[in-house]
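Participant: Provide a 3D model corresponding to the input given below.
(one chain, ligands or ions: 1)
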Amino acid sequence: MHDCVFCALLAGTLPVSRVYKDEYCTAFMDIQPVNPGHVLVVPNRHAAYLGDLDDATAAHMFQLGRRIGASLRHSGVRCEGVDFFLADGEAAGQEIFHTHLHVFPRFEGDGFGFVYGPEYQNRPEREELDETAARIRASL
Ligand SMILES: [Zn+2]
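Facilitator: The predicted structure is shown next:
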């Protein structure tokens with residue numbers, strides 16, 4: 001047995017406030033919400049990173065996230081917008097290494113936001129953008 005808190009939640013050995021479950025994915029409440037209504041969507045089978053999922057499960061995870069985002073708007077929780085956030089890797093802010101999609105309501109003045117690093121100030125030339133696009137394309 002590996003030591004994964006989400007696998008323990010999915011197995012029922014830890015308490016969870018579940019929103020939805022089907023054969024591929026489960027959605028449940030984050031215990032440390034950015035705002036009330038913060039839901040996590042996870043694949044039922046352990047996968048550390050998004051790239052470890054098969055396409056069908058990954059697509060299903062995002063489809064479920066989209067549905068939950070839409071339902072948040074009608075759920076009665078304060079919701080003027082919805083953020084979808086997936087941290088893939090430690091440097092990206094991933095803390096639990098069982099891939100998960102955050103879906104949470106946003107509203108004016110909620111205090112959440114991104115902090116941009118110095119690289120954000122750069123405006124690369126078109127040639128550099130094209131080169132980077134080619135590198136990514138080559139590794140697809
Ligand atoms: Zn897991």
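Participant: And the residue most central in space within the chain, how far from the ion?
Facilitator: Closest to where the C-alpha atoms of the chain average out (C-alpha atoms, centre = their mean) is Leu101, at 2.0 Å. For Leu101, the distance to the ion equals 14 Å [C-beta to the ion, to the nearest Å]. For the C-beta atoms, the positions are set from N, CA and C on the backbone; glycine is no exception.
Participant: Quick check: bridge partners of that residue?
Facilitator: Counting by DSSP bridges, Leu101 forms beta bridges with Val41.
Participant: for the ion, what are the nearby residues on this structure?
Facilitator: Cys4, Phe6, Cys7, His46, His98 (C-beta under 5 Å from the ion).
Participant: Tell me the pLDDT of the last one.
Facilitator: So that's His98. Listed pLDDT for His98 reads 98.
Participant: How many residues are close by it?
Facilitator: Neighbour count of His98, defined by other C-beta atoms under 10 Å: 22.
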